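*Asks:* sequence first, then the predicted structure, then my questions.
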Amino acid sequence: MEQLQVQTRKIEMKNACVHFMFSYQNKDVSRMMRFCDPAGEVYFVPLGEAGRGKIGELGQNLWSLLIECFPDINNTIDAIVSEGEYIRCQVLITGTQAQDFAGIPNKGKKFNSDHIFIFHLNENNKIDNIEIQWNHEDFVRQLSH
């Protein structure tokens with residue numbers, strides 16, 4: 001019985017993460033936030049300490065800005081894996097720049113970037129921790145050249 005509960009919990013956790021990514025794909029930040037604890041922590045690793053903050057503040061603001069600056073932004077989940085208390089999503093994110101973004105002048109260039117999202121969910125099945133990794137130098141290079 002306990003193993004069934006563990007399996008059910010893992011499925012629920014994966015489903016919440018898939019719904020979060022699907023909401024991102026649909027450019028619906030308010031719906032993304034429904035799957036999160038706004039007081040939870042987000043860490044955009046390549047941005048260093050400036051990339052640490054609350055999901056309901058830094059996360060929400062950065063995702064809104066990305067959608068504004070890359071109106072055709074899209075994501076495709078390549079893999080979703082349960083790793084103990086965490087869910088790891090390998091995601092391909094693409095988009096075309098339409099406005100200046102984070103010091104990167106708009107040249108109308110496209111980007112194609114593999115990201116890894118590592119999610120933790122609380123007992124209420126809300127995402128309370130997200131760590132996001134990507135090759136930031138390659139992202140900047142694609143948009144700058």
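*Replies:* Yes, it's here. Computed from a prediction, not measured in an experiment: that's the story for all the values here.
*Asks:* from now on I want contacts and neighbour counts done on CA atoms only, so please keep to that.
*Replies:* Noted.
*Asks:* residues in contact with the residue nearest the centre of the chain?
*Replies:* Using Cα atoms, centre = their mean, the residue of the chain that lies closest to the mean C-alpha position is Phe117, 5.7 Å off. By Cα atoms under 8 Å, 6 or more residues apart in numbering, the contact set of Phe117 is 88-91, 130-133.
*Asks:* check Val29 too.
*Replies:* For Val29, the contact set (Cα under 8 Å, 6+ apart) comprises 23, 60, 63-64.
*Asks:* of those, which belong to helices?
*Replies:* Among the contacts of Val29, the residues falling in helices (DSSP state H) are 23, 60, 63-64.
*Asks:* which of the residues you listed count as buried?
*Replies:* If you count burial by 16 or more other Cα atoms under 10 Å, the buried members of the ones in helices among the contacts of Val29 come out as 23, 60, 63-64.
*Asks:* now these as a markdown table including pLDDT and distance to Val140?
*Replies:* A markdown table is the format used below for these (pLDDT from 0 to 100; distance: Cα to Cα, whole Å):
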| residue | pLDDT | distance to Val140 |
| --- | --- | --- |
| Ser23 | 98 | 25 |
| Gln60 | 98 | 21 |
| Trp63 | 98 | 17 |
| Ser64 | 98 | 19 |
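*Asks:* for the helix or strand containing Tyr43, buried residues please.
*Replies:* Tyr43 belongs to strand 36-44 when assigned by DSSP states H and E. Residues 36-38, 40-44 are the ones in strand 36-44 that count as buried (16+ other Cα under 10 Å).
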